[in-house]
Structure formats: C-alpha cells, structure tokens
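Student: sequence? don't have it. structure:
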Ligand code: ADQ
C-alpha cells in the first residue's frame, strides 16, 4: 500500500471505536448508501500521513440478515472501514445500558440517572455481561484483520474491556487505548461494581492515554488504591509489567477552519450574519444537547446578565446551537423541554416585537455555516459541567483571527488546561460568576482581547489533531520497544 505521494506507509493502524465514521442507509436487499461523518477523530486520522489507517466499529444499524451484512461489508471496505455487527439486544444492554446509562454519567460526575437508579443497579450485572460480550465481538473482528506489526488503537469508554480481550489472544499485539471523556476521581470510579475488572482490562494495553494530566493521575490513583498496584512516573506497574499512562491532549485540524473562512460561500454567510445582527454583539454556544454541556446553566447565567445590565438588553444576542442526541432517552427529552422552557421565558421577559435575546436551534449546522458563525461571534460561551476536552472552544479560536473575540470557558472542560491563560475561566454552576464574566468579556479592551486571543490561537494552531494522533502512535511504538528491552535485560 502506498501514500498519495507514492512512498510506502510506515505502518498499518487499526483504529477501533464504537462507531464507524460513516452513517449507513439501506437502499435495497443488497445495497447501501454511505456518508462519511467527519467527527474530530476522523479528521485527526485523515491528517496522519505515515500510517495506513483502517477503522473497525459498529455502523450504527441493525443488520440481521447475511445478504445485508455481506453487502454492507463490501461497501464499507471501499472506505477502509470494517463493520462489527451488533444485534438489537446487545446494543440495548451494552450501548444504551452500560455505556451511556452507567459509564457516561459516572465519568462526568453526574451519578446514575435519578429516575431509574434502582432499576439500573439491578440490571448492572446483565449490562456488564453484555458490555464484555460486545467488546469480545470487536476483538474477534480485530483478530480477523490483524497482521503482524500493525498498531491497534482502541478508543473510548465503550471499549474499556477490549485491551484485555486482544492481549489474551495475542500478547505481542501493540495495543493502545485512549479515553475521550474525563477519567473521574478514584472515589467515583470505586463505586462501580465492575471497577477492578475494568481497570485490569485497560492495563492490559501497552499505552493508556487521556486528554489531561489530571485524568491520567486519577486513573493511576484508581489503580493503586483499588488494585493495590504501584504508580510510577511512567504509569502503573504490577509484577514487573509496566503499562505506560500519559496525557495526550487532542487538537483540531485548525488549517481546515482557517482555509474555510476564505471560501466564497463562507464569506457570503459571514456577510449575511453581520447584516442580520448589525448593532448587536453576538454570543455563541455550540453543543450537543447533553447533560454534561451545562446548557440550562449557560442560559440562566445569560438571563442574570440581562437582569443586571439593562444597558445591554437590546445590544446583545445569544445564539445557542444544540444538536439533539439520544432523543429516545427520557432524561434527554426532559433536558430538551427544560431548555425550551427557559429560553421561552427569557425571550418573553426581555424580547420585543422585533428582536429576541436568545436564538435557540435544536439542530446540527453544516461545516461552512458553523465556521461563519464562529467568525462573527464576539463572545463564545462553553459552560460544560464536565467535558473531556471540548473541541468547540478550539474551533472558535481557530476562526477568530480577524475578530479576536473572547472565550468564556468552564474550568471543568479539559480545554481549560490548554486555553486557560487566554480564556475567562468560570465555574458553570455559579451563574452570578458567569454573568459577571459575560460583562467582563463584552467590555474588554481591544488590547486585552488581542493578547488573550494570540495565546489561544498559537496553542490551537500548534497542537493539531494530526500531531496528537502521530504522537500517540509513535509513543505506543516506543513503549513496546522499551518494554522488550526491559524484559530482555
Ligand atoms: P463531544 O462531547 O461531542 O466529544 P466536542 O469536543 O465539543 O464534544 O466536539 C463536538 C463536535 O461536534 C465539534 O467538532 C463541533 O463542531 C461539533 N458540533 C457540536 N454541535 C454542533 C452543531 N450544532 N452543529 C454542527 N456541529 C456541531 C467527545 C468528548 C469531548 C472531547 C471529544 C474529542 O465529550 O470532551 O473533546 O470527544 O475527544
């Protein structure tokens, strides 16, 4: 296999993630249409030139029949994707149950869902069994496609049991695991009935990565306190075997955003938005509509700001773009109505016949529309209650080189570690503090905005997604070489 420039790839990379980066729609018994969904991970790996990457994951659809499975496998192969077929029951127990109902809220310090806490506790064992079964199904597909020398990179909390399954089958496989969410304090992790099994499985990997040093530290202390293993500056050691643990903060493909701002359709969009909101400062929120993003808290803080600053009431607008996720889950439905209710109340209270202070959209925007919005924004508001990193804050900074707007950023987002010196950091639970930070941002001098922006822009453009992926994979290769040297001594 060759790269586009004709040189051979250095290595094959098998990227294993719960979801493949495509959405598949069945068009007939044996025909499928596929659309690449360009998430952060896809763009990160597209930029990695040295490795020939293949994806292994679930296509997000139930395909019970053999004809459909064969056709989908063939169609995906053209996109270098390999499917793992999960049936509805497994998806229900593994994905909706153990992953999204237990691990997701717990890793974000939200506890188990309030309404069905006891039911979740009762179904815990069966959901964990399904979780292990699903992870083994991913492992079986990896084993089928693995060739000696490949690097296997497992992603996220859905696949915490995968490193163990892979190493059990082949101890020589180079396995890395990266977590995209926070890893919580060991006091939170220890409440999980499957706490030890999960840690042991992750430790089967050669390299374990997190977005921040704090998450890595929490993971190491969970291993020392719960398993009694030894924490070392390199990672976690047990009976002479070291698992390397480190922070690899993700980035974005900043050039893609910067280049997009030059496109005629984006410029046109920017012009329209400027006209539409002329005379008003634009504040922006872009989030998945998830509990962790702190959307109600953000809107309440904006209300407090309007309450305390009558001068600004007709001179500022908040655009909140929220992509619905997990719309079949009652807690998410409740969150959506809660947000609608608050937005309606505030617009009724502070709006006029011709203008409202909040524009709330329950949908996804295409890439070009998103870039234009980022570019015209004066103040971006990221108020996550917890967030592994938060790429929206990076994307905003990348699009702000002309305007030099202000980023208000939750101290509980991983991005606070990297963009903290340029952003105004806030505790999203404290709406009085967030309201004051809005006032500070809107009144900030041009010199201070410039200084803060330069700091963030430099970080975002020099710590890219491509660099993140390359660093992780070369560190994984080095870790395996060092481990071999250690054991041969
Ligand atoms: P997410 O929770 O999805 O990711 P984030 O990092 O902000 O959060 O990435 C969201 C992505 O979706 C961004 O690229 C953004 O542009 C896009 N997006 C969000 N709302 C959108 C909208 N309305 N329209 C169009 N696009 C929208 C998880 C973790 C994060 C971690 C990432 C990467 O929860 O903490 O930063 O993985 O590791």
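Tutor: That came through, no problem. Please read all numbers here as calculations on a predicted model, not as lab measurements. Numbers count the residues shown, from 1 in each chain.

Student: so how far is residue 154 from residue 201?
Tutor: 10 Å (Cβ to Cβ, to the nearest Å). Yep, even glycine has a C-beta here, placed from its N, CA and C like the rest.

Student: Give me the more crowded residue out of these two.
Tutor: Between residue 201 and residue 154, counted using other Cβ atoms under 10 Å, the more crowded position is residue 154 (30 against 23).

Student: Which residues does the more buried one form beta bridges with?
Tutor: Beta-bridge pairing of residue 154 under DSSP bridges involves residue 16, residue 177.

Student: This protein against the ligand: which residues are in contact?
Tutor: Within the chain, the residues that sit near the ligand (Cβ under 6 Å from any ligand atom) are 40, 180-181, 250, 286-288, 321, 323, 364-365, 370, 387-392, 395.

Student: In helices, which of those residues fall?
Tutor: Counted as lying in helices by DSSP state H, out of those, are 40, 370, 391-392, 395.

Student: what's the burial count for residue 328?
Tutor: Other residues near residue 328 come to 7 when the count uses other Cβ under 10 Å.

Student: actually residue 242, not the one I typed
Tutor: 18.

Student: so what's it bridging to?
Tutor: Beta bridges link residue 242 to residue 237, judged by DSSP bridges.

Student: got the contact list for it?
Tutor: Counting by Cβ atoms under 8 Å, 6 or more residues apart in numbering, residue 242 touches 232, 234-236, 483, 486.

Student: one more time with 10 Å
Tutor: With contact set as Cβ atoms under 10 Å, 6 or more residues apart in numbering, residue 242 has these partners: 203, 206, 230, 232, 234-236, 479, 482-483, 486.

Student: now residue 255: how far from the ligand?
Tutor: Residue 255 is 15 Å from the ligand, where distance means Cβ to the nearest ligand atom, to the nearest Å.

Student: what's the neighbour count on residue 400?
Tutor: Neighbour count for residue 400, taken as other Cβ under 10 Å: 25.

Student: Dihedrals phi and psi, the residue in the stretch 101-250 of the chain that the ligand sits nearest to?
Tutor: When scored by Cβ to the nearest ligand atom, the stretch 101-250 of the chain has residue 180 as its residue closest to the ligand, at 3.6 Å. Note on residue 180: its backbone torsions stand at phi -90, psi -10 [degrees, to the nearest 10].

Student: Setting aside sequence neighbours, what's the nearest residue to residue 89?
Tutor: Leaving out its chain neighbours, the residue that sits closest to residue 89 by Cβ to Cβ, 6 or more residues apart in numbering is residue 130, at 7.8 Å.

Student: ah, wrong one, I meant residue 352
Tutor: Per Cβ to Cβ, 6+ apart, closest to residue 352 is residue 314, 7.2 Å.

Student: which residues does that neighbour contact?
Tutor: Applying Cβ under 10 Å, 6+ apart to residue 314 gives the contacts 279-280, 350-352, 354-355, 357.

Student: Please, where are all the strands along the stretch 101-250 of the chain?
Tutor: Using DSSP state E, counting those that start in this stretch, the strands of the stretch 101-250 of the chain run over 151-155, 174-178, 207-210, 230-231, 235-238, 241-247.

Student: typo on my end, the stretch 351-489 of the chain
Tutor: Applying DSSP E, counting those that start in this stretch to the stretch 351-489 of the chain gives strands spanning 358-361, 379-382, 406-410, 424-426.

Student: Export those as CSV, with columns for mean pLDDT and mean neighbour count.
Tutor: CSV is the format used below for these (pLDDT from 0 to 100; neighbours: other Cβ atoms under 10 Å):
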stretch, mean pLDDT, mean neighbour count
strand 358-361, 97, 17
strand 379-382, 98, 28
strand 406-410, 98, 27
strand 424-426, 98, 21
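
Student: Next, count neighbours for residue 489.
Tutor: 5.

Student: scratch that, residue 337 is what I was asking about
Tutor: By the criterion of other Cβ under 10 Å, residue 337 has 9 neighbours.

Student: ok, now residue 95?
Tutor: By other Cβ under 10 Å, the residues close to residue 95 number 20.

Student: now swap in the one 3 residues further on and tell me
Tutor: Residue 98 has 27 neighbours, counted by other Cβ under 10 Å.

Student: Touching, residue 81 and residue 24? I think so.
Tutor: Yes. Assessed by Cβ atoms under 10 Å, residue 81 is found in contact with residue 24 at 9.4 Å.

Student: joint contacts of those two?
Tutor: With Cβ under 10 Å, 6+ apart, residue 81 and residue 24 have common neighbours 34, 59, 72, 75.

Student: among those residues, who's most crowded?
Tutor: Neighbour counts for the shared contacts of residue 81 and residue 24, by other Cβ under 10 Å, peak at residue 59, which reaches 24 neighbours.

Student: Does it touch residue 33 like I think?
Tutor: No. The pair residue 59 / residue 33 is not scored as a contact, 12.0 Å apart, by Cβ under 10 Å.

Student: Mutual contacts of these two, please.
Tutor: Common contacts of residue 59 and residue 33 (Cβ under 10 Å, 6+ apart): 22-24, 75.

Student: Show the buried residues in those residues.
Tutor: Using 16 or more other Cβ atoms under 10 Å as the burial test, the shared contacts of residue 59 and residue 33 include 22, 24, 75 as buried.
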